[in-house]
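Novice: the amino acid sequence is not available; the structure is as follows:
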């Protein structure tokens, strides 16, 4: 690195315990945000989607990330896996796609935070909604500026607090069970397939994030062991956090057609009174702040690592002399999020799902390629203590079959972004094309601006 950009020699690292809670936080941190699936798809299809998607989508992605992070515990995570497997251009695309996806999902968390304030201020003007979302963005930017250890500690405390309102609502809903939570199976205006596709974008958003902390491998103690453990806990914790309270709220409260943004606080109030409703709304504020804080952690490190490899502007490699945090990446990310939080949750979730599914396909492809053709430069890492702790118990055929459901789901997500409500969406198609074209265009631009920039070989996780 250039002078003035070196990171501290011994930064404080996150433990496996911290990583378990941060991984859960970055994936789930409560069931907030899924409410629109209930009215849009129908309660039966929505709950079945929440049950099936972990098996056909979340588990394969988590397994792929667990094996790659154990075998190659490198800072930069999914970006460097794709780069090792396919070269600079594909590695850059993987990093760029997830970086864009992170912007979209981070904006949803800030927007949901402001939306849940409407429990107390129902007529909150959109400008103030945006102002509050911007404020929470910059507070979480500051937390990340302080380093990974404070973020890890905060995620543990906040996650524990989030459980209480959902636990109380779940118990109240089950004790007052009056409705069949699976009826109707499908919303009256939709068929089974269209109902499933209607909620798929939000479901993908709910069950994504397994890769988001892999760029921080250098800031985690024994990452080859810590990441598989964290992912093994995070998947069932996330699935349970979505399915159980939603089932209970529908069983005790019903009113499935009224479910929409920030509806859990309404259901909680109906089941447990004003105090529980207020507690649920407060939990939503904590949840979305926690999600935003932890996701920014992974997002901000990615440009720093890509800059170190010569594939991103060198200025993004600058770090704070005391905390070792990527200051330029954090500030520039905050500026972009300040603009994005003006948009609606549903629009941001749609952009996220499109970009995220393509990034996950690159992760699967990297796993298959590195299984068959591990790069010679990484033989010592793969054969040493770093790579001996976790391996998916499947051969190449099994791994290929494991990815097939994700291919179909990805195709459905892409189709749903351009064709929905029975019509072709020309504006959305143009936006999608521009988003996808931005990867090759920025790659060419950055290479043009630094034609003689040396591209370093990534070093093993620190």
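Specialist: Received, thanks. Not measured: the values here are computed from a predicted model.

Novice: now residue 302: how far from residue 94?
Specialist: Separation of residue 302 from residue 94 (C-beta to C-beta, to the nearest Å): 10 Å. Just so you know, the C-beta spots here come from the backbone N, C-alpha and C atoms, and that holds for glycine as well.

Novice: could you check how far the residue nearest to residue 372 when sequence neighbours are not counted is from residue 280?
Specialist: Leaving out its chain neighbours, the residue that sits closest to residue 372 by C-beta to C-beta, 6 or more residues apart in numbering is residue 396, at 6.8 Å. Note on residue 396: its distance to residue 280, by C-beta to C-beta, is 47 Å.

Novice: of the two, give the one with the bigger neighbour count.
Specialist: residue 280 (30 against 10; other C-beta atoms under 10 Å).

Novice: residue 265 is in contact with the more buried one, correct?
Specialist: Yes: with contact defined as C-beta atoms under 8 Å, residue 280 reaches residue 265; the gap is 4.4 Å.

Novice: now do the same contact list for the nearest residue to residue 112 once chain neighbours are set aside.
Specialist: Leaving aside its chain neighbours, residue 112 sits nearest to residue 288 (4.7 Å; criterion: C-beta to C-beta, 6+ apart). Going by C-beta atoms under 8 Å, 6 or more residues apart in numbering, residue 288 touches 29, 32, 109, 110, 112, 113, 116, 136.

Novice: figure out how far stretch 217-228 is from the centre of its chain.
Specialist: 18 Å (C-alpha atoms, centre = their mean, to the nearest Å).

Novice: I misspoke; the intended subject was stretch 412-420.
Specialist: Using C-alpha atoms, centre = their mean, the offset of stretch 412-420 from its chain centre is 20 Å.

Novice: can you list contacts of it?
Specialist: 197-198, 200-201, 204, 350, 353-354, 357, 424-425, 428-429, 432.

Novice: quick one: average pLDDT of the helix or strand encompassing residue 351?
Specialist: Assigned by DSSP states H and E, residue 351 belongs to helix 345-372. On average, the pLDDT along helix 345-372 is 86.

Novice: buried set for it?
Specialist: For helix 345-372, a neighbour-count test (16 or more other C-beta atoms under 10 Å) marks 345, 347-367, 369-371 as buried.

Novice: could you do stretch 314-329 as well?
Specialist: 314, 316, 317, 318, 319, 323, 324, 325, 326, 327, 328, 329.

Novice: ditto for stretch 169-187
Specialist: Buried-residue list, stretch 169-187, by 16+ other C-beta under 10 Å: 169, 170, 172, 173, 179, 181, 182, 185, 186, 187.

Novice: could you do stretch 255-265 as well?
Specialist: For stretch 255-265, by 16+ other C-beta under 10 Å, it's 256, 259, 261, 262, 263, 264, 265.

Novice: where is pLDDT lowest across these?
Specialist: residue 261 (82).

Novice: that residue - nearest residue in space that isn't next to it in sequence?
Specialist: residue 115 (5.3 Å).

Novice: check which helix or strand covers that neighbour.
Specialist: Per DSSP H and E: helix 88-116 holds residue 115.

Novice: how far away from the center of its chain is the next helix or strand after that helix?
Specialist: Following helix 88-116 in sequence order, the next helix or strand is helix 126-145 (DSSP H and E). Distance, stretch centre to chain centre, for helix 126-145: 18 Å (C-alpha atoms, centre = their mean).

Novice: what about stretch 332-349, start to end distance?
Specialist: Across stretch 332-349, the terminal residues are separated by 21 Å (C-alpha to C-alpha, to the nearest Å).

Novice: what residues of that stretch count as buried?
Specialist: 332, 333, 334, 337, 338, 340, 341, 345, 347, 348, 349.

Novice: ok, residues contacting stretch 259-268?
Specialist: 31-32, 35-36, 38-39, 112, 115-116, 118-119, 165, 168-169, 172-173, 245, 249, 253, 255, 258, 276-281, 284, 345.

Novice: repeat that for stretch 343-358.
Specialist: By C-beta under 8 Å, 6+ apart, stretch 343-358 touches 33, 36, 97-98, 100-101, 104-105, 107-108, 111-112, 115, 200-202, 204-205, 208, 261, 340, 406, 409-410, 413-414, 417, 428, 431-432, 435-436.

Novice: check stretch 82-90 too.
Specialist: Outside stretch 82-90, the residues touching it (C-beta under 8 Å, 6+ apart) are 72, 76, 91-95, 309, 311, 362-363, 365-366, 369-370, 373, 375, 378, 440, 443, 455, 458.

Novice: returning to that earlier point: quick one, the helix holding residue 115 and helix 126-145 angle?
Specialist: Using axes from the mean of the first three to the mean of the last three C-alpha atoms, to 10 degrees, the inter-axis angle of helix 88-116 relative to helix 126-145 is 130 degrees.

Novice: average pLDDT across helix 88-116?
Specialist: Per-residue scores along helix 88-116 average to 89.

Novice: what's the spacing between it and its chain's center?
Specialist: 8 Å.

Novice: coming back round to it: narrow the buried residues of stretch 314-329 to those in helices?
Specialist: 327, 328, 329 (DSSP state H).

Novice: for those, which one is nearest residue 215?
Specialist: residue 329 (10.7 Å; C-beta to C-beta).

Novice: and the closest one, how far is that from residue 317?
Specialist: Taking C-beta to C-beta, one finds residue 329 at 9 Å from residue 317.

Novice: if we can go back for a sec, the contacts of stretch 82-90, buried ones only, as a PyMOL selection?
Specialist: Applying 16+ other C-beta under 10 Å to these, the buried members can be selected in PyMOL as follows:
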select buried, resi 72+76+91+92+93+94+95+309+311+362+363+365+366+369+370+378+443+458
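
Novice: specify the angle between the helix holding residue 351 and helix 88-116 in degrees.
Specialist: 150 degrees.

Novice: any regions of the stretch 251-400 of the chain where pLDDT drops low?
Specialist: 376-389 (pLDDT under 70).

Novice: so where's the stretch 1-150 of the chain uncertain?
Specialist: 1-12, 147-150.

Novice: let's see 50
Specialist: 1-9 (pLDDT under 50).

Novice: is it true that residue 250 touches residue 183?
Specialist: No: look at residue 250 against residue 183 with C-beta under 8 Å: they stay out of range, at 9.2 Å.

Novice: now do the shared contacts for the two.
Specialist: residue 43.

Novice: which among the contacts of stretch 259-268 count as buried?
Specialist: 31-32, 35-36, 38-39, 112, 115-116, 119, 165, 168-169, 172-173, 245, 249, 253, 276-281, 284, 345.

Novice: among the residues you listed, which are located in helices?
Specialist: Taking DSSP H, the ones among these that sit in helices are 35-36, 38-39, 112, 115-116, 165, 168-169, 172-173, 245, 249, 276-281, 284, 345.

Novice: so the nearest residue in space to residue 213 that is not next to it in sequence: helix, strand or coil?
Specialist: Distances taken as C-beta to C-beta, 6+ apart put residue 298 closest to residue 213, at 4.9 Å, once the chain neighbours are dropped. Following DSSP: H, G, I helix; E, B strand; the rest coil, we place residue 298 in the helix state.
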